[in-house]
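[1] Provided below are the primary sequence and the corresponding predicted coordinates.
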Amino acid sequence: MLIAQITDLHIGVGKDIGAKDNEKRLKLVFQALRKIRPQPDLIIATGDLTETGSVEAYRKLKKMFDSFPMKIWPVMGNHDNRENFTKVFSDAFFEDGFMQYVLESDDSRVIISDTMEPGKHGGGFCERRAAWLDKQLKENTDKPVLLAIHHPPLFTGIDWMTAHNDEPWVQRLRQTVEPHSHVKKIICGHIHRPISTQFMRTGITVSAAVAAQIGLDLSPINPDKPDGRPLVVDEPPGFALHMWNNGQFLSHFCVAGKYKVLLPYGKPMTKAMRNVFHVRPR
Ligand SMILES: [Fe+2]
Ligand SMILES: [Fe+2]
C-alpha cells in the first residue's frame, strides 16, 4: 500500500489570499505525483482544501481534482466549510455531521477523522467524534490503521502553530487512540512544514503544504513585540508518501517543482549499481 498525502491546498478564487499561486502550486504537485513510480494506491488531501470554504472555491477545487486521474480523498481543515463542500462534492462521506469514513484494503485500513471546529484555528475533537473513532478502531483489529486528520495534536516548537497537551481535544484524541496499538501512523497537515515524531506508541507525521510554507523559527514569540521573523515563506510545495512496509508505515517527504536530474541511471552507472546489490545481505 502506497499512500500519497497532499495537504493545505488553500485553493481560492478572486481576491482570496494566494488564489493564483496556490492553483499553480497544486498543478506542480499533480505533475510530481504523476511521476511517482509505482503510482500511489491512494491519495488523501488532509484539509484546508480551500482558503475560505466558499462554494466557488470548492467548484474550482473540484475541477482541479477532476483533472487528475485518481480519486483524491478529502479531509476537513479549519479553512474548510462542511456545508459548502457537500454542495459541490455530492458524494462526500459524512457521518453524524462530520467528515469521517474508513477506506478498507487487504493489508491496512485508512481512517479519516474530522478535527475541524467552525470558527476556530486550532483543532477540535468532541465526544461524538471520539465515540465514532473508537467504534471503528474496535473493528478489524488485525489490520494496521493509518489515521488521517488535519490538526496535529502536537507541540511543534513553532510557537504560533502548536497544540498543547492540556487542550481537551488533544486529551480526548489521546485517550481514544491510546488503547489501540494497531494505529500505526497518524498523518496531519495544518502546520505547513514537514514534521515527524511520536504520539504515544504511534508514529505521527505532518506533511509540508501545497500552499506556502510556515517559516521555521523555534524561538518564543511575543504577541506584543513583532520581531520581523518570517511567518510565511515561499518555499516550494510539498507532499508526502506513506508506504506500508514490513509492519510499519515508512514516510517520504517530497518537494514538487522543476529540478534538473544531476545523475540519471544510465549505462555508466551499472557497475556501481551492481556493487550496491552485491554488498546487500540477502
Ligand atoms: Fe493550512
Ligand atoms: Fe489548518
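    Everything's here; your move. Residues are numbered from 1 along each chain as shown. Ligands and ions are numbered 1, 2, ... in the order given.
[2] longest single helix anywhere in this structure?
    helix 19-35 (DSSP state H).
[3] List the contacts of it.
    Applying Cβ atoms under 8 Å, 6 or more residues apart in numbering, the external contacts of helix 19-35 come out as 4, 6, 9-13, 40, 43, 51, 60, 64, 67-69, 210-212, 236-239, 254, 256-258. (Glycine included, C-beta is placed from N, CA and C.)
[4] hmm, try it at 7 Å
    Outside of helix 19-35, the residues within contact range by Cβ atoms under 7 Å, 6 or more residues apart in numbering are 4, 6, 9-13, 64, 68, 210-211, 237, 239, 254, 256-257.
[5] Against which helices or strands is the helix or strand that it is followed by packed?
    Downstream of helix 19-35, the next assigned helix or strand under DSSP states H and E is strand 42-45. Helices and strands touching strand 42-45, by 3 or more Cβ pairs under 7 Å, 6 or more residues apart in numbering; DSSP states H and E, are strand 2-6, strand 72-74.
[6] which one of those strands lies closest to residue 245?
    Closest to residue 245 of the helices and strands packed on strand 42-45 is strand 2-6 (Cβ to Cβ; 9.4 Å).
[7] rewinding a little: and which of the contacts of helix 19-35 is nearest to residue 139?
    residue 4 (25.2 Å).
[8] Next, the contact list for the closest one, please.
    By Cβ under 7 Å, 6+ apart, the residues touching residue 4 are 33, 36, 40, 43, 239, 241.
[9] Now do the strands in the stretch 51-200 of the chain.
    Assigned strands in the stretch 51-200 of the chain, in chain order: 72-74, 101-104, 109-112, 145-148, 183-188, 195-199 (criterion: DSSP state E, counting those that start in this stretch).
[10] Determine which of those approaches ligand 2 most closely.
    strand 183-188 (9.4 Å; Cβ to the ion).
[11] The residue nearest to residue 215 when sequence neighbours are not counted in helix, strand or coil?
    Nearest non-adjacent residue to residue 215, counting by Cβ to Cβ, 6 or more residues apart in numbering: residue 230, 3.5 Å away. Under DSSP: H, G, I helix; E, B strand; the rest coil, residue 230 falls in the coil class.
[12] Count the residues that sit near residue 230.
    Residue 230 has 12 neighbouring residues, counting by other Cβ atoms under 10 Å.
[13] before we move on, what about residue 252?
    13.
[14] any idea how far residue 112 is from ligand 1?
    For residue 112, the distance to ligand 1 (Cβ to the ion, to the nearest Å) stands at 17 Å.
[15] What pLDDT does the model give that residue?
    Here, the pLDDT recorded for residue 112 equals 98.
[16] Kindly report the same for residue 279.
    Residue 279 carries a pLDDT score of 68 in this model.
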